[in-house]
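**Student:** Have a look at this prediction, sequence included:
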Amino acid sequence: MVESLNTRADLTTDGISFLGIGARYGKILIGDHAFEFFNEKNIQDYIQIPWSEVNYVQAQVSHNKIGRRFKFNTTIGELDFSSKDAGKILKGIREYIGNDKVVRAPTLWQKIKNIFLKLKFKLKRQKK
């Protein structure tokens, strides 16, 4: 059995983890020490992210509505999750890591613009 890092649970809801190939369904737990994801069917399949390891959290926002997916950027790497209650989850996360570390994910057009800007910068450097 897995031992929780949290002493108190602020929010527990259904969620999906997109780690590796495929999606895993389970429970998301927001607590006083960490973000935790537990697979309901396989107890050994779990993810625990201490608040001290989180660099920032990206959430998809379009037309001032929060999307279902959010991404943790940690010292180890990036982890994707999804939930119907993404707004509640992000509010809970904001209490522990701060407002400045919960950010909007870049839109598709912003990503395309950044690609062209990088190409333009590379071409300028090559001409010199």
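**Tutor:** Structure received. What you see is a predicted model; the values in this text were computed from it and never measured.
**Student:** in the protein, which ranges drop under the pLDDT threshold?
**Tutor:** 1, 128 (pLDDT under 70).
**Student:** What segments of it are strands?
**Tutor:** For the chain, the strands defined by DSSP state E cover 9-17, 24-31, 34-39, 46-50, 54-62, 65-74, 78-82, 102-104.
**Student:** tell me, how many neighbours does the closest residue in space to residue 32 that isn't next to it in sequence end up with?
**Tutor:** Counting by CB to CB, 6 or more residues apart in numbering, residue 32 lies nearest to residue 8, which is 4.8 Å off, once chain neighbours are set aside. For glycine as for every other residue, the C-beta is placed from the backbone atoms N, C-alpha and C. Other residues lying near residue 8 total 9 when counted by other CB atoms under 10 Å.
**Student:** how near is the spatially most central residue of the chain to residue 36?
**Tutor:** With distances taken as CA atoms, centre = their mean, residue 71 lies nearest the centre of the chain, 2.2 Å away. Distance of residue 71 to residue 36, given as CB to CB, to the nearest Å: 16 Å.
**Student:** what does residue 26 give?
**Tutor:** Taking CB to CB as the measure, residue 26 falls 10 Å from residue 36.
**Student:** Kindly report the same for residue 5.
**Tutor:** Going from residue 5 to residue 36 by CB to CB gives 7 Å.
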